[in-house]
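Peer 1: Kindly return the folded structure for what I paste below:
(one chain, ligands or ions: 1)
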Amino acid sequence: MMVRRTLPHRELPTVGAWCFLDHFGPERTAMNVLPHPHTGLQTVTWPFSGDIHHRDSLGSDVIVQPGALNLMTSGHGVAHSEVSIDKSQMLHGLQLWVALPDSVRDGPADFQHIAELPVVANGGMHATVLVGDLLGQHSPAVTHTPLLGAEVRLAQQGTYEIPLAESFEHALMLIEGDVTVTGQPLAAGPLRYLAEGRSSVEFTTTNGAHLLLIGGEPFEEELVMWWNFIGRTHEEIALARSGWENADVRFGHVLGHGDERIPAPALPGVHLKPRRRVSQSGER
Ligand code: MN
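Peer 2: Numbering: from 1, shown residues only. Next comes the predicted model:
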């Protein structure tokens with residue numbers, strides 16, 4: 001399946017605590033992601049089309065459908081699988097990861113399926129608040145650092161403004177359509193980074209636009225990211241890997257797949273190091 005990985009980027013490892021962003025599809029295809037582990041993060045799955053069967057080692061067994069947010073918190077360890085229901089369906093959506101701060105990253109795992117999310121409709125703008133607060137609306141999604149995630153649809157030609165928290169950095173991704181952000185056209189695909197200190201962002205569209213807006217207070221803890229694990233040191237990652245390979249209780253068991261699971265790849269021959277931001281990407 002066609003997947004565009006937007007975060008982490010060499011020059012932009014995180015936006016707030018957002019540390020991973022995949023945009024998959026649109027494609028008529030099957031998704032069959034067998035049980036695999038996570039540590040130190042939350043996964044946010046937001047499909048635009050297609051139904052995905054989510055099962056995890058907490059016993060969650062849900063169909064992930066457009067319009068509902070699925071937020072899995074790995075804490076110290078969790079495992080899950082993601083399998084499409086009907087391979088003739090169009091699959092299109094986003095998967096994001098949020099890095100957990102030190103205070104909760106070794107805590108319990110959790111899964112939240114949120115069918116009703118707040119929506120802000122304002123003229124031709126329709127914004128769904130996935131995480132955090134936007135225009136006075138608050139998402140029930142439980143996160144652990146100041147964070148924003150919103151899907152924004154601009155239905156008709158016009159200029160729109162969204163207020164932003166000045167303590168947050170933000171990034172925008174155009175999924176479909178056309179948009180000019182603060183005077184600069186934004187192509188579909190890459191992120192437009194907006195540094196802290198901004199009280200609003202202005203969008204102009206000619207034929208409509210479908211956008212993702214993410215943001216948060218800059219995440220200062222250093223992250224070592226490898227495969228499906230987030231830790232702080234190489235040793236933590238190596239321990240998580242060997243735990244998965246040895247079917248440690250840390251990750252539990254996902255029902256419905258027998259003994260099938262995704263094996264961890266070999267660790268690289270180098271000592272894994274934290275990702276550091278080498279420069280500010282985009283405009284201020
Ligand atoms: Mn996963």
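
Peer 1: Name the helix or strand for residue 238, please.
Peer 2: helix 234-245 (DSSP states H and E).

Peer 1: How about residues contacting that helix?
Peer 2: Contact partners of helix 234-245, identified using C-beta atoms under 8 Å, 6 or more residues apart in numbering, comprise 36-37, 39, 77, 79, 224, 226-227, 229, 231, 248, 250-251, 263-264, 267, 271-273. For the C-beta atoms, the positions are set from N, CA and C on the backbone; glycine is no exception.

Peer 1: Drop anything exposed from those residues.
Peer 2: 36-37, 39, 77, 79, 224, 226-227, 229, 231, 250-251, 264, 272 (16 or more other C-beta atoms under 10 Å).

Peer 1: Quick check: residue 5 vs residue 211, distance?
Peer 2: Using C-beta to C-beta, to the nearest Å, residue 5 is found at 18 Å from residue 211.

Peer 1: who's more crowded, these two?
Peer 2: Each of residue 5 and residue 211 has its neighbours counted (other C-beta atoms under 10 Å); residue 211 has more, 24 against 12.

Peer 1: Mind listing the residues bridging to that one?
Peer 2: Bridge pairing for residue 211 (DSSP bridges) gives the partners residue 152, residue 174.

Peer 1: Quick one: residues contacting it.
Peer 2: 151, 152, 153, 154, 172, 173, 174, 175, 179, 203.

Peer 1: Surely the third one is in contact with residue 210?
Peer 2: Yes. Residue 153 lies in contact with residue 210 (C-beta atoms under 8 Å); the separation is 5.4 Å.

Peer 1: quick one on the thing from earlier: if we take the contacts of residue 211, which one ends up nearest to residue 28?
Peer 2: In terms of C-beta to C-beta, no member of the contacts of residue 211 lies closer to residue 28 than residue 175, at 17.8 Å.

Peer 1: I'd guessed the closest one sits against residue 189; true?
Peer 2: No. Counting by C-beta under 8 Å, residue 175 does not reach residue 189; the two are 9.0 Å apart.

Peer 1: what do those two both touch?
Peer 2: Joint contacts of residue 175 and residue 189 (C-beta under 8 Å, 6+ apart) are residue 23.

Peer 1: which of these two has more neighbours?
Peer 2: Between residue 175 and residue 189, counted using other C-beta under 10 Å, the more crowded position is residue 175 (19 against 11).

Peer 1: ok, residue 124 - how many residues close by?
Peer 2: Neighbours around residue 124, by other C-beta under 10 Å: 14.
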